[in-house]
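In: Pasting the sequence and the predicted model now:
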Amino acid sequence: MALNNPAFSRNEAFTSGQGAVAVAQDMSAQQLQDMYNQPATLPDRDVMTIEDSIAKSAAAFGVLLVGAAIGWLTVESVPFLWIGAGLVGFVLALVNIFKKEPSPALILAYAGVQGIFVGGISAWYELAYGGGIVAQAVIATLVVVGVTLALFASGKIRASKRATKVFLVAMVGYLVFSLVNMGLVFFGAIDNPWGVRGLEIAGIPLGVIIGVLVVIMGAYSLVLDFDFIQQGVRNRAPRKYGWTGAFGIMVTVIWLYLEILRILAIARD
């Protein structure tokens, strides 16, 4: 389960106890004694719960929507605001991923800045590819997230080690493909603005075919996110790690939305 969303996999609160042995070996006898003298568990009000994680996720997405509104309204008056916000959001994402302790302020800052980027690029797509494309992408994203959550809650889908390894290989392959495709477009090797994605197979753009596979990958990434939050609750992780859960889900949902938006744009182009 370490081969997935780094927002969770780098954090011991969301993993099984396999790393505890290595941690214990690095601790002194006095540290181990101090740990032994501490209370066995945290009070219920101080531990992570599903309900609290949902509340924190709702707060983060609320900030994201406010930022999206700003990005949408300023896309023409301040055309480069959303591009700069995207770069800042990328930096904040890395900071939140590599921080050992979750920071609500940094996570909410990421939500706001990334919201400006999402709102700006959504407005650009709306202007470039016709009205209604953003509404379609939002509805499709909500459907994917809702169906995935329902299937996970019912126990019909679960994360597995084998599927996660396949997911990792697919993610690496998709990343390499995206970088190569970007290079081909940048250096003029392909005239199509979508690069290889714009090529057709049996009348269907390759970008649509790849996009459908990527959406499936995004849905499985959500399964991994839900699984890690569930693991954190089982481990009675401190309540603050609910913010880590909110951050992980937000990263996946934004990625999923942008991929669906691109599929619709390629299909309309």
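Out: Yes, it's here.

In: Buried residues in stretch 117-135, which are they?
Out: Buried positions in stretch 117-135, judged by neighbour count with 16 or more other C-beta atoms under 10 Å: 117-126, 129, 133-134. Every C-beta, even on glycine, is put in place using the N, C-alpha and C of the backbone.

In: List the contacts of V180.
Out: Applying C-beta atoms under 8 Å, 6 or more residues apart in numbering, we find V180 in contact with V196.

In: mind putting the buried residues of stretch 117-135 in JSON lines, secondary structure, distance to F98 and pLDDT included?
Out: As requested, these are exported to JSON lines (DSSP: H, G, I helix; E, B strand; the rest coil; distance: C-beta to C-beta, whole Å; pLDDT from 0 to 100):
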{"residue": "F117", "secondary structure": "helix", "distance to F98": "20", "pLDDT": "97"}
{"residue": "V118", "secondary structure": "helix", "distance to F98": "23", "pLDDT": "96"}
{"residue": "G119", "secondary structure": "helix", "distance to F98": "27", "pLDDT": "96"}
{"residue": "G120", "secondary structure": "helix", "distance to F98": "26", "pLDDT": "95"}
{"residue": "I121", "secondary structure": "helix", "distance to F98": "25", "pLDDT": "95"}
{"residue": "S122", "secondary structure": "helix", "distance to F98": "28", "pLDDT": "95"}
{"residue": "A123", "secondary structure": "helix", "distance to F98": "31", "pLDDT": "95"}
{"residue": "W124", "secondary structure": "helix", "distance to F98": "30", "pLDDT": "93"}
{"residue": "Y125", "secondary structure": "helix", "distance to F98": "31", "pLDDT": "93"}
{"residue": "E126", "secondary structure": "helix", "distance to F98": "34", "pLDDT": "93"}
{"residue": "Y129", "secondary structure": "helix", "distance to F98": "36", "pLDDT": "88"}
{"residue": "I133", "secondary structure": "helix", "distance to F98": "35", "pLDDT": "94"}
{"residue": "V134", "secondary structure": "helix", "distance to F98": "32", "pLDDT": "95"}
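
In: For these, work out which two are farthest apart.
Out: F117 and Y129 (18.0 Å; C-beta to C-beta).

In: Turn the buried residues of stretch 117-135 into a markdown table, columns for distance to G232.
Out: Below are the buried residues of stretch 117-135 laid out as a markdown table (distance: C-beta to C-beta, whole Å):
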| residue | distance to G232 |
| --- | --- |
| F117 | 28 |
| V118 | 26 |
| G119 | 30 |
| G120 | 33 |
| I121 | 32 |
| S122 | 32 |
| A123 | 36 |
| W124 | 37 |
| Y125 | 35 |
| E126 | 38 |
| Y129 | 40 |
| I133 | 36 |
| V134 | 33 |
